[in-house]
Every structure is written in structure tokens, then in C-alpha cells.
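1. generate coordinates for the sequence data below:
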Amino acid sequence: MATYNEIENLPRLVEEVFQNAPDVHLLVIDDNSPDGTGRWCEERLATESRLRFLHRPGKLGLGSATLAGFRFAIEHQYEYVLTMDADFSHQPRHLPALRAGVEPNNAKFDVMIGSRYVAGGGVEGWPLHRRLMSRTINTFARWMLGLQVNDCSGAFRCYRVSVLKSLDLDHIRSRGYSYLEEILWLLHRQGARFGETPITFVDRVFGQTKINTREAIAAVLLICRLGFRHWLQF
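-> Alright, predicted model coming up:
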């Protein structure tokens, strides 16, 4: 769980995560939030043995935070790693369904995606222009990258760590939100099996969204570069 200025959400979210998944370890990666998010984590470590915390010196981006989480999972020999937002956009009640697609080892999928765009999924609180932008980017990514996934840009995912080991994480280009499409494309090229389970994405109530027009443009440009490689097969 990557955080930047999430003190209004994180304490309650951590409790709800452990209510819905009491057997997990939760890694919070904080980019030196000025609102005290990191300080709260350091204090909570004293009383919560399931919490892990990684403090970073500045705002380095969601993509790089997620890659840091992947490296942590590989280094500490976890079997599965699940990524989710820290603002209640990703509801902890969906955690059991996400885990079920990947756990145990004989499960059908290598990556389970919490999908807004399959039957039963949806979005709450978004204006029309943001809904249209998300749908357009997802359709564009599926076509350009050859992905058979309905929700390519959602960050609520559970990965089998063994498939992440097949990637060269140091060569992943994106450090922002466009890493979401890039990771799927790279795993697709490695033969990973994708599943989707419906979620309801709820727009944040507290705090400010981190995505902006620049991030959206960067995602489109990256998809174009990767799509060029996909269609030319190199």
C-alpha cells in the first residue's frame, strides 16, 4: 500500500484490511508524507506485528513504490502480493475474492485483478469525463497491447510472487500510474494467466487524488511505445 498524505484514511483502512484478511502482513510504503502518515505507521508498528513499513525520502511515484513492494515480497519470500490504494477506493471487503483467484498454488490464475469493468463491477463518485477517460484508456490498452483483460488500469490486484520473479524489475520504465499497463503487458509476454473479479471502485472521500492530466498523457504515450513493440513482435 503506497501512501502520500493519507493520515485521514490509513488508520481506519489498516483496521479494515486486518478484519477482512487477518492472516496477512501489510506493507505501507510512504513517500515522506508531510501530514504525519509515516509517523503514524512508525508508532503503530509497536503494537501491530502484522504491519510492515518502508519510509522513502520523497515523492517518488506510485509505480516505483509498487516495484519496491514487489522487491520486498521477493526478498522476504512471500508467495503472494496484493496491491491496493490507501484511500478506500479499493474496499477491503473485496480482499477474499482477489486472494481466492491466486491462492492456493493450484489456483487457476497468476494474477487476479479487481475489475470495474466486468459484470457486477462498477464505479461510484466519478464524474462523466473521468469515466469516459478510464474506459477509453482501457479499450486503447487492450487493443494496443493484445491484452484479454477488461480493466488494465486498475491497481487492485493480487499477484503470484513466482511470476514477478520472472520480470526484470529494474527495466520497467514507468514510475507513475502507467506502470499498471506495463506490468500486465510484461507478464502477458511471460505467459501469465489473468483473472478478474468484480469490485466497486469508490472515489476517495478524504484527501486529494494523485492522478492528473500529465499522468494520463504519460500512460497513453507508454501504451503507444509498448504497442509498437507488440505489433512488431520484438
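2. ok, longest helix in this structure?
-> helix 213-232 (DSSP state H).
3. how much space between the residue nearest the centre of the chain and His94?
-> Centroid-nearest residue in the chain, with CA atoms, centre = their mean: Ala155, separated by 2.8 Å. Distance of Ala155 to His94, computed by CB to CB, to the nearest Å: 13 Å. Quick note: C-beta positions are derived from backbone N, CA and C, even for glycine.
4. same check on Leu167?
-> Relative to His94, Leu167 is positioned 25 Å away (CB to CB).
5. same question, Ser33
-> 25 Å.
6. low-confidence ranges in this structure?
-> 175-176, 205-213, 215-216, 230, 234 (pLDDT under 70).
7. now do the strands in it.
-> 2-3, 26-30, 51-55, 80-83, 111-115, 122-124, 157-160, 194-198, 200-202 (DSSP state E).
8. before we move on, the earlier item: return the residues in contact with the residue nearest to the centre of the chain.
-> Listed by CB atoms under 8 Å, 6 or more residues apart in numbering, the contact partners of Ala155 are 62, 66, 83-85, 90, 177, 180.
9. format the strands of the chain as JSON lines; extra columns: mean neighbour count and distance to Ile137.
-> What follows is the strands of the chain, written out as JSON lines (neighbours: other CB atoms under 10 Å; distance: least, CB to CB, whole Å):
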{"stretch": "strand 2-3", "mean neighbour count": "26", "distance to Ile137": "20"}
{"stretch": "strand 26-30", "mean neighbour count": "22", "distance to Ile137": "25"}
{"stretch": "strand 51-55", "mean neighbour count": "16", "distance to Ile137": "29"}
{"stretch": "strand 80-83", "mean neighbour count": "22", "distance to Ile137": "19"}
{"stretch": "strand 111-115", "mean neighbour count": "26", "distance to Ile137": "14"}
{"stretch": "strand 122-124", "mean neighbour count": "14", "distance to Ile137": "14"}
{"stretch": "strand 157-160", "mean neighbour count": "24", "distance to Ile137": "17"}
{"stretch": "strand 194-198", "mean neighbour count": "20", "distance to Ile137": "17"}
{"stretch": "strand 200-202", "mean neighbour count": "19", "distance to Ile137": "14"}
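10. go through these and name the closest to Asn9.
-> Minimum separation from Asn9 across these (CB to CB) falls at strand 2-3, 8.6 Å.
11. what are the ranges of the helices in this structure?
-> Under DSSP H, the chain gives helices at 10-20, 37-44, 62-75, 95-100, 128-145, 161-164, 179-189, 213-232.
12. and those helices, which is most packed in?
-> helix 179-189 (a mean of 22; mean count of other CB atoms under 10 Å).
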